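>>> Fold the following, please.
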Amino acid sequence: TKCIKMALPFWEGLKQILILEGIGGVYTGGLATVIKQSSNHGLRFVWYSEYKRIATNNGEYALTPIMALFGGMTAGIFSALGNQPADVIKTKMQGVCAGYTSTWDCIKKTYTEGDGISGFYTGIVPRLARVVPGQGILFLSYEVIVSVLMSLYV
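Numbering: from 1, shown residues only. Okay, here's the model as predicted:
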């Protein structure tokens, strides 16, 4: 994120980060990234697993491709809405000269300077526009590939 905001290629941006911020600058936002990624994937797979269990009546019925597409799309919505606050914090922490002393400092400032809770949902519409179709296609592809492989090798 910092390299993008500095409009520099990766290696040049890395050099600048090291010069300006030291080695700690490379790891700025690391905790926020772990929280964002783990909550994102956790929410997505929990949702999809539960959706698949309900849609197939505990495996009694086959999951159709359209059901897999829909399940993936709804999993994308659920995960994006559930972890958008963590994504906002991660992005802010990794910005050039973010000026936050810690993840907690970023959370407090986002709340107080970003119109309360709505400050944590900045950028949700473009994220949903990217995530929803992508997750639908991903889970559809997964289910189709598993089905083909199972028919070939089981």
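
>>> quick one: contacts for the residue nearest to the spatial centre of the chain?
With distances taken as Cα atoms, centre = their mean, residue 40 lies nearest the centre of the chain, 4.8 Å away. Contact analysis of residue 40 by Cβ atoms under 8 Å, 6 or more residues apart in numbering lists 79-80, 82-83, 86-87. Placement of C-beta: from N, CA and C, glycine included.

>>> again, but for residue 136
69-70, 72-73, 76.

>>> Give me the subset of those lying in strands.
Using DSSP state E, no member of the contacts of residue 136 sits in strands.

>>> quick check, nearest of those residues to residue 146?
Nearest to residue 146 among the contacts of residue 136: residue 72, at 13.4 Å, using Cβ to Cβ.

>>> give me the number of residues near that closest one?
Residue 72: 26 surrounding residues under other Cβ atoms under 10 Å.

>>> what separates it from residue 152, distance-wise?
23 Å (Cβ to Cβ, to the nearest Å).

>>> And for residue 33, the neighbour number?
19.

>>> Read off the pLDDT value for it.
Residue 33 is assigned 80 on the pLDDT scale.

>>> ditto for residue 39
Value for residue 39, per-residue pLDDT: 89.

>>> still on that earlier bit, using a markdown table, lay out the contacts of residue 136 together with pLDDT and distance to residue 137.
Shown next, in a markdown table, are the contacts of residue 136 (pLDDT from 0 to 100; distance: Cβ to Cβ, whole Å):
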| residue | pLDDT | distance to residue 137 |
| --- | --- | --- |
| 69 | 98 | 7 |
| 70 | 98 | 12 |
| 72 | 98 | 7 |
| 73 | 98 | 9 |
| 76 | 97 | 10 |
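
>>> How about the contacts made by residue 148?
Per Cβ under 8 Å, 6+ apart, neighbours of residue 148: none.

>>> what about it, helix or strand, and which?
Using DSSP states H and E, the element containing residue 148 is helix 124-153.

>>> in that helix, what counts as buried?
124, 127, 131-132, 135-136, 138-140, 143 (16 or more other Cβ atoms under 10 Å).
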